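> Kindly generate the corresponding structure for this input.
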Amino acid sequence: MADNLINQLSSESLKRLFAEQLISWDVARNNYKSLEKVSVKELYIDGFLYRVQFNPARIFSSSAKVDNASIQARRCFLCGENRPQVQKGLIYRHSSRPSEEFNVLINPFPIFPRHLTIPSAEHREQLIVGNVKLMCALAKELQEYTLFYNGPKCGASAPDHFHFQAGNKGFLPLEHWYGKVKREHISQNGNSNIWRVLEGVYGTIQVESDSPDFINSVITELISSDDLSAGDTEPMLNLLCWYRDEQWTLHIFIRKKHRPDCYYAQGEENILISPAAVDLGGTFITPLEKDFIKICESDIRSILKQVCISEGELSVIANKLKSIM
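Residues are numbered from 1 along each chain as shown. Next comes the predicted model:
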């Protein structure tokens, strides 16, 4: 696979990328093969489906040390010079920033049957500000995928290197039940709407819009809010975004905590779960079998309540978003 195909993110080019990488790259091939046999169980939180996936290959991400000292002590695994020579990809440039390249790569430690990592070729911080229109453009290019962003203090295992990820559309339970949840309408501007989610998942704002500018204004308002728990550089946000029928659907998960108490607990109380966008989208990842076996509905509910903002806090944020017209 040539690694200099620019803006050719077609279904066929991605299929060729996967086919050729799974032939040439042993680690990726073995992990995707193992994914076919991964154990999954289903749980229901307030009547809505969540899946738990036992995925040992994700131990690196779930247990990643993301403090400044640990980040500075290791080589960045998303920088081109540090990636395996066998790893190839497609090059993407957004029309608003034609000088900046992004590498569309297969993720060798997959959650999805088709899992992409999309890092900037430039080593720069994981920050969504200034990158919202790029997110929308990629979601439109990758219409068979759901795009996601993990903030630097709430799920990104490489908080020092800007990147998105993407997984094949339809995999996450949230994609199937998000329109059925009880929600409060916040604002409308033409074909753009904002809702506050009242059940199924905590601390969530939904946006549907045919305008990247409108979506950018929502994220900008959230980033500038004094009511959100701050990381070092931006509020704690996870995003899921997809494009269908000429509009974008965006789920914004607003966080107050990186990892739940059970992550740090000792003995039987310990559950090694570090929630990010995929978990909040309804697929919880357990790299340890002991956790997969014992985790239950009450654990998931407790984790969601601990890491996401409360209904009251979300109401305050929702009131401020009413001004986006």
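> Dump the helix or strand of the chain with the lowest mean pLDDT to CSV, keeping only the CA atoms.
Lowest by mean pLDDT, DSSP states H and E among the helices and strands of the chain is helix 59-62, with a mean of 78. Taking Å, rounded to 0.1, in the frame of the first residue of the first chain, the C-alpha atoms of helix 59-62 are listed here in CSV:
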residue,chain,number,x,y,z
ILE,A,59,-4.5,-3.2,28.3
PHE,A,60,-2.0,-0.6,27.0
SER,A,61,-4.7,2.0,26.5
SER,A,62,-6.7,1.2,29.6
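> shaky segments in the stretch 151-300 of the chain?
227, 229-232 (pLDDT under 70).
> Repeat the analysis, applying 80 as the threshold.
Low-confidence segments of the stretch 151-300 of the chain (pLDDT under 80): 225-233.
> mind listing the helices for it?
174-177, 212-223, 261-264, 277-280, 289-294, 297-307 (DSSP state H, counting those that start in this stretch).
> Please name every helix or strand in contact with the helix or strand following the last one.
In other words, helix 297-307. Scanning forward in sequence from helix 297-307 by DSSP states H and E, the next helix or strand is helix 311-321. Counting contacts by 3 or more C-beta pairs under 8 Å, 6 or more residues apart in numbering; DSSP states H and E, helix 311-321 packs against strand 183-189, strand 192-197, strand 204-209, helix 212-223, strand 247-254. Using the backbone N, CA and C atoms, a C-beta is placed for each residue, glycine as well.
> again, only using 7 Å
Applying 3 or more C-beta pairs under 7 Å, 6 or more residues apart in numbering; DSSP states H and E, we find helix 311-321 packed against strand 183-189, strand 192-197, helix 212-223.
> among the ones you listed, which is nearest Leu90?
Of all the helices and strands packed on helix 311-321, it is helix 212-223 that lies closest to Leu90, at 21.7 Å by C-beta to C-beta.
> chain center to the closest one: distance?
18 Å (C-alpha atoms, centre = their mean, to the nearest Å).
> Using PDB, write out every CA atom in it.
Provided in PDB are the C-alpha atoms of helix 212-223 (Å, rounded to 0.1, in the frame of the first residue of the first chain):
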ATOM      1  CA  PRO A 212     -20.000  22.700  10.700                       C
ATOM      2  CA  ASP A 213     -20.000  26.400  11.800                       C
ATOM      3  CA  PHE A 214     -22.900  25.700  14.100                       C
ATOM      4  CA  ILE A 215     -21.200  22.600  15.600                       C
ATOM      5  CA  ASN A 216     -18.000  24.700  16.000                       C
ATOM      6  CA  SER A 217     -20.000  27.400  17.900                       C
ATOM      7  CA  VAL A 218     -21.400  24.800  20.300                       C
ATOM      8  CA  ILE A 219     -17.900  23.300  21.100                       C
ATOM      9  CA  THR A 220     -16.500  26.900  21.400                       C
ATOM     10  CA  GLU A 221     -19.100  27.800  23.900                       C
ATOM     11  CA  LEU A 222     -18.400  24.700  26.000                       C
ATOM     12  CA  ILE A 223     -14.700  25.200  25.900                       C
END
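> Show me what it is packed up against.
Contact here means 3+ C-beta pairs under 7 Å, 6+ apart; on that basis helix 212-223 packs against helix 132-141, strand 204-209, strand 247-254, helix 311-321.
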